[in-house]
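K.L.:
Show me the folded form of this:
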Amino acid sequence: MQIKNPNTLNTYLEIPMKNRFTYFAMMLISFLTFAASSMAVASEGERDSIPESAYEHGYPNPFALGVHVGTTGVGLHIYQPLGTHFGLRLGGSFMPFNTRITGNYSNRDLRSSVSAKASNVSLMAGWAPFSQNRGFFRSFNIQVGGAYFFDLNGKLETRLSEGYQYGDIVVDPNRVGTITTNVNWKETVNPYAGIGWSNIVLDSRFSVSIDLGAYYLSKPTVTMQATGLLEENVNNAATIQKNIENYRYLPRVEIGFSYRFW
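P.N.:
This next block holds a predicted model:
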């Protein structure tokens, strides 16, 4: 048994992945709401006096250590300003992802196991053109840089949920077999461009950062393994690789909290 049109194999994944993106967006909004609430509470109650030096730089000054979470995982970062308008950000992120999904392909119920890993070390340089102004855009910056992804891959393992009906014969799913698709990106430095707010001051020590951008990845490679009656489907690997070779942008939506040393 061979899948004739591998282009539609990903159709049943669309709704679950959209739901997961919606979940992440809601989580990001919750973080922003929490940060805004913290600022409001701090302004109403007693808190440390905020020195003017906290507002004089687009990046936390003299330097800051923080944590972040986003589309490329969770991790740590260090901010180092270079004057009032420029700064550097060194960070590392790790994203383990595992889930199980169900769907339908050619009127047959499928169940799949999906896993992905993304580990990187990044270095960004930023320019904050409005750092001498007051207001929301004070720490707005334009970022360029790159990240060395030393582990970036995904795996999709799919099988039938129920037996395969062939005339009066029902073939057990174990006999039909399993298809395993692996997608890998090579270990290399991937360029990055984006915008962000690197120093939204909460109090004399803490600040929030928000980053929006994308990495430009290398072309992925696809390999397949199959068992049982699906063994011939490994020939579809080249077709799938061609179909996804232009999907090379990895979005980066990230929120971070930093502690400023001074």
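K.L.:
tell me which element residue 253 falls in.
P.N.:
With elements taken from DSSP states H and E, the one containing residue 253 is strand 249-261.
K.L.:
Counting by contacts, list what that strand packs against.
P.N.:
With contacts defined as 3 or more C-beta pairs under 8 Å, 6 or more residues apart in numbering; DSSP states H and E, the secondary structure elements packing on strand 249-261 are helix 14-44, strand 63-70, strand 73-82, strand 188-201, strand 206-216. In short, each C-beta sits where N, CA and C put it, glycine included.
K.L.:
In terms of mean pLDDT, which of those ranks lowest?
P.N.:
Mean pLDDT across the helices and strands packed on strand 249-261 is lowest at helix 14-44; the value there is a mean of 49.
K.L.:
what is the mean pLDDT for whatever helix or strand residue 103 lives in?
P.N.:
Taking DSSP H and E as the definition, residue 103 sits inside strand 86-105. Mean pLDDT, strand 86-105: 92.
K.L.:
just to revisit the earlier point, for the strand holding residue 253, C-alpha coordinates in CSV please.
P.N.:
Taking Å, rounded to 0.1, in the frame of the first residue of the first chain, the C-alpha atoms of strand 249-261 are listed here in CSV:
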residue,chain,number,x,y,z
TYR,A,249,12.0,31.0,8.1
LEU,A,250,11.8,30.2,11.8
PRO,A,251,9.7,32.9,13.6
ARG,A,252,11.0,34.2,16.9
VAL,A,253,8.4,35.7,19.3
GLU,A,254,9.9,36.0,22.7
ILE,A,255,9.3,37.7,26.1
GLY,A,256,12.0,38.0,28.7
PHE,A,257,12.6,39.3,32.3
SER,A,258,16.0,40.7,33.2
TYR,A,259,17.7,41.7,36.4
ARG,A,260,19.9,44.8,36.1
PHE,A,261,23.2,44.9,37.9
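K.L.:
neighbouring strands for it, and are they parallel or not?
P.N.:
As defined by DSSP bridges, the strand partners of strand 249-261 come to strand 63-70 (antiparallel), strand 206-216 (antiparallel).
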